[in-house]
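Visitor: Sharing a model that was predicted from the sequence below.
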Amino acid sequence: MYPATFLLSQPAESRRLLLILRPFLFLPHLIWSALFGMAAGVVQFFSFWAIVITGRHPRGLWNVLEAYFRYSMLVQAWAMYLTDRYPPFSGNATTAYPIGVRVEFPARMSRATVFFRFLLLVPHLLYALGFSFFYGIIQFLTWWTILFLGRMTDGQYNIARAFFVYTGRLTAYSVLLVDEYPPFNGAQPRAAETLFATPADPSATPEIKG
């Protein structure tokens, strides 16, 4: 199972008024995500060199990146109509929210794959470009579907869910949270949902093998 997992459930309905107001409601998060992202970028720079030198990701730096990752994924889920609940302005794992995000802390990371991570991401960048274009069309249709029906269709949800999981794994790998190369799909086993039944142990450091 991939070390970054997500808990999602199809919303029974979506409020049309929030759908229309969503661009305006997004503005505070746009500003905060830019500030949070800049801070995370500085942390990622130090994480990169720490991993290259020691083969380990310092837990304090990893925690900051994990918080930013969780925050950004909750905002993304809200922007993708996967939930109507307004996202929190934090990446705290204890914050109650309909979307779950869980990442396993790697005991060790490969210096080589971290150093050459940008090159390793090239195939995914090409794939993600095509997937994003396809999903953009689906999201446009989803907006109108929710406006008229009050909910997205099962097919639209399945595509949105796959795109969310795929981009989530790709982001986790890009920001050095995980060392396992992400698959070219948005599928995850149902067993992943059982991981959210118990809180993550912050003291555990399971080794993730790529």
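Guide: It's in.
Visitor: Now do the same contact list for the most centrally placed residue in the chain.
Guide: Closest residue to the average C-alpha location of the chain: residue 168 at 3.2 Å, with Cα atoms, centre = their mean. Contact analysis of residue 168 by Cβ atoms under 8 Å, 6 or more residues apart in numbering lists 4, 6, 73, 76, 101. From N, CA and C alone the C-beta is placed, and that goes for glycine too.
Visitor: What of residue 18?
Guide: 25, 84.
Visitor: quick one: what helix or strand has it in it?
Guide: Per DSSP states H and E, residue 18 falls inside helix 16-25.
Visitor: just to revisit the earlier point, residue 190: which of the contacts of residue 168 is nearest?
Guide: Distance to residue 190 across the contacts of residue 168 (Cβ to Cβ) is lowest for residue 6, with 12.4 Å.
Visitor: Now the phi/psi pair for that closest one, please.
Guide: phi -140, psi 140 (degrees, to the nearest 10).
Visitor: isn't it right up against residue 166?
Guide: No: with contact defined as Cβ atoms under 8 Å, residue 6 and residue 166 do not form a contacting pair (10.3 Å).
Visitor: Could I get the contacting residues of the nearest residue to residue 173 once chain neighbours are set aside?
Guide: Nearest-residue entry for residue 173: residue 182, 5.0 Å, with adjacent residues in sequence omitted and distances by Cβ to Cβ, 6 or more residues apart in numbering. Residue 182 sits next to 2, 124, 166, 169, 170, 172, 173 when contact means Cβ under 8 Å, 6+ apart.
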